[in-house]
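Visitor: Using only what follows, build the 3D model:
(chains A and B)
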Amino acid sequence: MRGKGANASIRDRTQEFLGIAERVKKSYSSQNGPSSSGSKPLGPQTMAMQSEFNRKASKIGLGIHQTSQKLSKLAKLAKRTSVFDDPTMEIQELTAVIKQDITALNSAVVDLQLLCNSRHGNSNISSDTTTHSTTVVDDLKNRLMSATKEFKEVLTMRTENLKVHENRRQLFSSTASKNPANPFVRQRPLAAKPAGSTSAAPALPWASGGQSSSHPLPKNQKDGETQPLMSQQQHQQQQELVPLQDSYMQSRAEALQNVESTIHELGNIFNQLATLVSQQGEIAIRIDENMDDTLSNVEGAQGALLKYLNSISSNRWLMIKIFFVLVFFLMIFLFFVA
Amino acid sequence: MKITALLVLKCNQEGSDPVILANASDVSRFGFFQRSSVKEFIVFVGRTVAKRTPPGQRQSVQHEEYKIHSYNQNGLCALGFMDDHYPVRSAFSLLNQVLDEYRKTFGDSWKIVQADKVEPWPYLNEALNKFQDPAEADKLLKIQRELDETKIILHKTIDSVLARGEKLDSLVEKSSDLSAASQMFYKQAKKTNQCCTIL
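Guide: Down below sits the predicted model:
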């Protein structure tokens, strides 16, 4: 196979080339030898099919390798995308190219598999060759599958990146995009907006040099800055002052809403506090009951012990009495006997 | 969070410079020799800004490290020179208050004034002092601040209530143990009392 690409170099290697071709021919014929003894005339045909199979397989392998290289480039591009420097066109072109390659490779692999099966129908091929070709086809299929999977992963990553960028863009530009959407039916400053006014007061020259502060409401400043100097038209200036009023009103509305939500949260907190305290009240009552039980138990025990003490202390009295009675009986007994 | 100056001007419609009706400036921050120039600067900038604020509009301009907020209310314009940290909303509500106060005090007499007034207006000076803290000017801000403090206090309260709950739980345990122990004690005492009375 490799001899087929012999090129003319300064050294004349034709002899080597011829020798290698002979060797290859011999090795193929020896492969097909044991099983194709009776079908020598078919040898070259099978050899041709074999070489064709190998050629196709090598082409497919090369295609897969190139596709995976392109895929890695695409992956790098997709990872690299930032908000501002988006190589969308390249990525899309590359995606299209890769998709075409993959479909072509897919069809090629399918063809190869058909070829392989058809050759297996041909019974004069050694089992080694069959296993070899099936293995080759399987390997190519696996590689193609992994390439497709990678492709899919890269596409998902790209869509996720795009989503993140979109979110971030929305975050930063949501103020600017909200302004024009607000109704201009507001309070007195807007009602006093002069129609086609004559006041020629664009933003001041030093406004362009200013920076918006770290204040949460830089809207006015942004509006003031975006105006160039005297060349600004009245109409546009009106529009940019109106958003200024709007932003002022908006900030007030926002502050009110904040206050309202804070009060709401406070109400919530108070409710929770009340729940906690009532639960703890119940616990306190239980403690009280426990203490009462303890008290009664201890008192009972104290009474019992007191009785016991009494009985102990008074028992001796009884004992003395009994002793005397006994002694008395003993005396009588002694009297009678003695 | 500092107000450097408050100005009230009368804005003519076109062309001519606005006329200063009241001026309160706090230039104590600057060195002694710069004070007059700073005052001039304030006057000049104030005139320019007021001239370019259309009636019925609010405007904020950034100049070096100051923000100048101006509010033009049908010819009567109030300006405030504040630093960057002063919240914009409070600035405008302060200007509103100043204008209302001015109208209340001087009625419509300002309309005929043609030259700069030089006598100070005490209210403006007081306002300058009082409103160095933006919460004073803006009720919303004050309310928000107080609500935040209340929220913090409530959080602390809840924490202490939770700790109290834990202590109560341990007390419950101990008291139940105590009552069980005292019950055993009582039974024991009764037992010893009953069986050995003979002896």
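Visitor: C-alpha from now on. contacts and neighbour counts both.
Guide: OK.
Visitor: Just the helices from chain A, written as ranges.
Guide: In chain order, chain A shows helices spanning A:14-32, A:42-80, A:88-121, A:127-178, A:188-191, A:219-225, A:234-337, with DSSP state H as the criterion.
Visitor: cool, chain B as well?
Guide: With DSSP H as the definition, chain B shows helices at residue ranges B:35-51, B:88-106, B:122-130, B:134-137, B:139-195.
Visitor: quick one, which of these is nearest to residue A:59?
Guide: With CA to CA as the criterion, residue A:59 lies closest to helix B:88-106 of these, at 70.4 Å.
Visitor: Residue A:16 - how many residues pack around it?
Guide: Residues near residue A:16, counting by other CA atoms under 10 Å in any protein chain shown, number 11.
Visitor: same deal with residue A:264?
Guide: By the other CA under 10 Å criterion, the neighbourhood of residue A:264 contains 12 residues.
Visitor: Same check on residue B:120?
Guide: By the other CA under 10 Å criterion, the neighbourhood of residue B:120 contains 12 residues.
Visitor: got it, and residue A:323?
Guide: Taking other CA under 10 Å as the criterion, the count of residues near residue A:323 is 13.
Visitor: quick one: pLDDT of it?
Guide: Reported pLDDT at residue A:323 in the predicted model: 92.
Visitor: For chain B, see how far away it is.
Guide: As judged by CA to the nearest CA, to the nearest Å, residue A:323 and chain B stand 13 Å apart.
Visitor: do the same with residue A:277
Guide: In this structure, residue A:277 and chain B are separated by 7 Å, where distance is defined by CA to the nearest CA.
Visitor: likewise residue A:273?
Guide: 6 Å.
Visitor: dump the residue contacts of that residue.
Guide: By CA atoms under 8 Å, 6 or more residues apart in numbering or on different chains, residue A:273 lies in contact with B:158, B:161.
Visitor: again, 7 Å this time
Guide: Under the criterion of CA atoms under 7 Å, 6 or more residues apart in numbering or on different chains, the contact list for residue A:273 reads residue B:158.
Visitor: One more: residue B:147?
Guide: residue A:262.
Visitor: how about the helices of chain B in CSV, adding distance to residue A:52?
Guide: Output for the helices of chain B, formatted as CSV (distance: least, CA to CA, whole Å):
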stretch, distance to residue A:52
helix B:35-51, 86
helix B:88-106, 80
helix B:122-130, 95
helix B:134-137, 87
helix B:139-195, 81
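Visitor: mean pLDDT for the ones you listed: which is lowest?
Guide: helix B:134-137 (a mean of 71).
Visitor: Is that one positioned near chain A?
Guide: No. Legend: contact between helix B:134-137 and chain A by CA under 7 Å from any CA of the partner chain is lacking; minimum distance shown is 13.0 Å.
Visitor: Report the buried residues of stretch A:304-314.
Guide: Neighbour-count burial for stretch A:304-314 flags A:304, A:305, A:308, A:311, A:312 (criterion: 16 or more other CA atoms under 10 Å in any protein chain shown).
Visitor: Return only those of those found close to chain B.
Guide: Filtering the buried residues of stretch A:304-314 for neighbours of chain B using CA under 7 Å from any CA leaves A:304, A:305, A:308, A:311.
Visitor: wait, what's in contact with the residue lying closest to the second one once chain neighbours are set aside?
Guide: To tie it back to what came earlier, the one meant is residue A:305. The shortest distance from residue A:305 to any residue other than its chain neighbours is 5.8 Å, reached at residue B:189 (CA to CA, 6 or more residues apart in numbering or on different chains). With CA under 7 Å, 6+ apart as the criterion, the residues that contact residue B:189 are A:301, A:304, A:305.
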